[in-house]
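Trainee: 3D, please:
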Amino acid sequence: MMMRIDIDLTDHVPIYIQLMNQIKHMIATGELKPGDQLPTVRQLAADLRINFNTVARAYRLLDEEQIISTQHGRGTFILKPTSEEDSRRLRRRDMVRLMNHFLNDAVSLGFEPADVRAVFEKSIGIWEETGAPPSPDDL
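Mentor: Next comes the predicted model:
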C-alpha cells in the first residue's frame, strides 16, 4: 500500500512524530480504516527516503498507543478504536495539532493574537452561515 505522507525535513517536529501525526490524521479522516494494512517498515522507509529506525520508532509508538497492531509474519494493521470516545479523542487531537501548526505559522508571519482572532471569528461566522469554510477571497 502506497500512503500519501509528506515529511518536512525543515520542520522542527521530529520525523517520527510527523509520521505518527499523519497516520493518525488518515485514521481520523477515514482514509485509513480499521483492518487496513500499513506498508512494512522497510517499504515505508524506502518510499519516504528516511531511516528505517525512524519508521520503526513511529510504528512502535503507535502500537503502544493501541492505534496499530504489528503481527509478526502477517504485517501491521490499523486497530479499531475501542470506543466512539477514542475516535473523538483522535479527531480532537488531530484538530489541536492542526491548530497549533496554524498558530505557529501565524506567529512566524508576524501576526498578533488579535489579528488571528479576528480572522478566525470571521471564518467561523461564514462557516456557520454557509455550511462551508470560507475561501481566502471571502475574507
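
Trainee: Summarise which helices and strands the helix or strand of the chain with the lowest mean pLDDT is packed against.
Mentor: Taking mean pLDDT, DSSP states H and E as the measure, helix 84-108 is the helix or strand of the chain with the lowest mean score, a mean of 85. For helix 84-108, the elements it packs on are helix 15-28, helix 113-130, judged by 3 or more CB pairs under 8 Å, 6 or more residues apart in numbering; DSSP states H and E. For the C-beta atoms, the positions are set from N, CA and C on the backbone; glycine is no exception.

Trainee: buried residues in it?
Mentor: For helix 84-108, burial by neighbour count (16 or more other CB atoms under 10 Å) applies to 90-91, 94, 97, 106.

Trainee: Domains in the protein, by residue range?
Mentor: The record's domain parsing of the chain by automatic domain parsing lists 15-78, 84-138.

Trainee: wait, which of the helices and strands packed on helix 84-108 is closest to Ile50?
Mentor: Nearest to Ile50, of all the helices and strands packed on helix 84-108, is helix 15-28, at 5.8 Å by CB to CB.

Trainee: average pLDDT for that closest one?
Mentor: Taken as a whole, helix 15-28 has an average pLDDT of 92.

Trainee: Now do that helix against helix 84-108, angle only.
Mentor: Here helix 15-28 points in a direction 130 degrees away from that of helix 84-108 (axes from the mean of the first three to the mean of the last three CA atoms, to 10 degrees).

Trainee: which helices and strands sit right next to the next helix or strand after helix 15-28?
Mentor: Per DSSP states H and E, the first helix or strand lying C-terminal to helix 15-28 is strand 37-38. The criterion is 3+ CB pairs under 8 Å, 6+ apart, and the helices and strands that strand 37-38 contacts are strand 75-78.
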